[in-house]
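Trainee: Make a model of this:
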Amino acid sequence: MKKLGALFLSIFMVMSVFTTAHAAEKPVGVWIDGTEVKLGNSNPIVEKGTTLVPMRPLLEKLNVNMNWNKKTQTVTGTKNGLALSLTIGSTTATVNGEKKKLEVAPKTINNVTYVPVRFIGETIGYKVEWSAAQRTITFVANNEAAGSTGFLWKVENNGNTVYLLGSIHVANDKMYPLRPEIEAAFEASQYLGVEVDLTKVDQTEMQKFLTEKGSYTDGTKLKDHVSADTYNKVVALLKANGLAGNAFDSYKPWVVTQGISSLQMQTTDYTPDTGIDLYFTQKAGKLNKPIIELENMQLQLNMFNQFSDGLQEKLLLDTLDSLKQTDNAAATASLDALSQMWMQGDEQSLVAMTQAVAKEPEYYKGLVSDRNANMVKHVKEYLNSDKKATYLVVVGALHMLGDDGIVTQLQKDGFNVVKQ
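Mentor: Reported below is the predicted structural model:
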């Protein structure tokens, strides 16, 4: 992660308020070996609970050799000793000469042939996963089916159970599926605890807050509050992204930092839409599972607004220097390293990142330690209550370990925190 500063990367492990849900439902996507299948203008269709996708791009992506018999309307595919055939309009397929029953028959629509995606994937040897939150179908190699490890702990007291899941607020589809233990913790929980319920963030209210707290109202501009060098770097980056050089003039450095981070995020395949906390928030919403907010939008935004002028400029410079406008590949590579840390459950790297952030005392206090104390208070309330309930608490992974981590503080207070 040498290309990106720890201060910049830490945002994705501790802050959720700048990640918001998109209301519009996107088309179903199909991913194989970490790459999306290009389906063109022909989106998947669903019949009787079975998803059918365009045959040709799917089989080509799977490196299946195809042969089309126009007279019999049958497609035959071969790969590594495997032979399969499907016929338009027939619910009977054959695999190595053995007949297989299909729930839905292949069909042709507007000269595009559609085939049952799960049947194809499982026949070839993949485990086929469906994510309702991301609206993606993922082909997972059987040796990878265990899923991302993440950071999960379990605490029990007074008949109550709290699962603690350290999240990453931006992710990509490669981070899914999650290992069964994480999904089981969600299924077992009556309540989901998150920093902020991103599905209910009022964008109008958020913009109003940013205008009132994050912009200058005394007639001054950004260039009056930061060095000429910092301001010139902001202007250069904006212009490199096709924007007006004065686009951020009215805003304080902390707002500019978030804006620039968002610009650079657009050059990667990482999005808030696939973040771990949003994944579970959307899932809980569909199941009508109660969602508890440990914080709120105003608290998270106001924390940045209260940082000293010096720290705000330092954060801005860290972001500018880490994300060179000509080095978008560095952003992707560093976020790849961050996601790998999460997927592998690498606690050593997580602690090292926490320690790096702690070298900036004011930032660490506001972003991590003060908030950790509040989160621990909530977790203790759940553990000591008379509800006899189970909770899954999903907060940024950077809150979990280190001297002031939630796990560490609970252990110091006598709770038995068990890694899952």
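
Trainee: List the contacts of the helix or strand Lys233 falls within.
Mentor: Under the criterion of DSSP states H and E, Lys233 resides in helix 228-240. Here helix 228-240 makes contact (Cβ atoms under 8 Å, 6 or more residues apart in numbering) with 222-223, 244-248, 256, 260, 263, 313, 316-317, 320-321, 323, 325-326. Every C-beta, even on glycine, is put in place using the N, C-alpha and C of the backbone.

Trainee: Extract the C-alpha set from that helix and format it as CSV.
Mentor: Below are the C-alpha coordinates for helix 228-240, written out as CSV (Å, rounded to 0.1, in the frame of the first residue of the first chain):
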residue,chain,number,x,y,z
ALA,A,228,-0.5,28.0,-2.5
ASP,A,229,1.1,24.7,-3.2
THR,A,230,-1.8,22.8,-1.8
TYR,A,231,-4.3,24.9,-3.6
ASN,A,232,-2.5,24.5,-6.9
LYS,A,233,-2.5,20.8,-6.5
VAL,A,234,-6.3,20.8,-6.1
VAL,A,235,-6.7,22.9,-9.2
ALA,A,236,-4.4,20.7,-11.2
LEU,A,237,-6.3,17.5,-10.2
LEU,A,238,-9.7,19.0,-11.0
LYS,A,239,-8.6,20.1,-14.4
ALA,A,240,-7.0,16.7,-15.1
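
Trainee: so how far is it off the chain centroid?
Mentor: 29 Å (Cα atoms, centre = their mean, to the nearest Å).

Trainee: buried set for the next helix-or-strand element following that helix?
Mentor: Per DSSP H and E, the first helix or strand lying C-terminal to helix 228-240 is helix 253-265. For helix 253-265, a neighbour-count test (16 or more other Cβ atoms under 10 Å) marks Pro253, Trp254, Val255, Val256, Thr257, Gln258, Gly259, Ile260, Ser261, Leu263, Gln264, Met265 as buried.

Trainee: now swap in stretch 177-197 and tell me
Mentor: By neighbour count on 16+ other Cβ under 10 Å, the buried set for stretch 177-197 is 177-179, 182, 185-186, 189, 191-197.

Trainee: can you check stretch 226-241 too?
Mentor: For stretch 226-241, a neighbour-count test (16+ other Cβ under 10 Å) marks Val226, Thr230, Tyr231, Lys233, Val234, Val235, Leu237, Leu238 as buried.

Trainee: now the residues you listed as JSON lines including distance to Gly414 and pLDDT?
Mentor: Below are those laid out as JSON lines (distance: Cβ to Cβ, whole Å; pLDDT from 0 to 100):
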{"residue": "Val226", "distance to Gly414": "47", "pLDDT": "95"}
{"residue": "Thr230", "distance to Gly414": "47", "pLDDT": "94"}
{"residue": "Tyr231", "distance to Gly414": "51", "pLDDT": "95"}
{"residue": "Lys233", "distance to Gly414": "49", "pLDDT": "93"}
{"residue": "Val234", "distance to Gly414": "49", "pLDDT": "93"}
{"residue": "Val235", "distance to Gly414": "54", "pLDDT": "94"}
{"residue": "Leu237", "distance to Gly414": "49", "pLDDT": "88"}
{"residue": "Leu238", "distance to Gly414": "52", "pLDDT": "89"}
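
Trainee: Save these as a markdown table, and put in distance to Ser339 too.
Mentor: Output for these, formatted as a markdown table (distance: Cβ to Cβ, whole Å):
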| residue | distance to Ser339 |
| --- | --- |
| Val226 | 32 |
| Thr230 | 30 |
| Tyr231 | 33 |
| Lys233 | 27 |
| Val234 | 28 |
| Val235 | 31 |
| Leu237 | 24 |
| Leu238 | 28 |
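
Trainee: Need the residue closest to the centroid of this structure.
Mentor: Gly275 (1.8 Å; Cα atoms, centre = their mean).

Trainee: my guess is it meets Val170, correct?
Mentor: Yes: counting by Cβ atoms under 8 Å, Val170 is a contact partner of Gly275 at 5.4 Å.

Trainee: Now name the helix or strand holding the closest residue to Asn296 other than its chain neighbours.
Mentor: Nearest residue to Asn296 in three dimensions, chain neighbours excluded: Val196, at 6.2 Å (Cβ to Cβ, 6 or more residues apart in numbering). For Val196, there is no helix or strand it lies in under DSSP H and E.

Trainee: Tell me how far Val196 lies from Gln300.
Mentor: The gap separating Val196 from Gln300 is 7 Å, by Cβ to Cβ, to the nearest Å.

Trainee: hang on, the earlier thing: mind picking the lowest-pLDDT entry from the buried residues of stretch 177-197?
Mentor: Within the set of the buried residues of stretch 177-197, pLDDT is lowest for Pro177 (83).

Trainee: Could you pull up the residues touching that one?
Mentor: Glu129, Ser131, Thr138, Val140, Ala145, Gly147, Ser148, Glu183.

Trainee: Kindly state the pLDDT recorded for the second one?
Mentor: Looking at Ser131, its pLDDT stands at 71.
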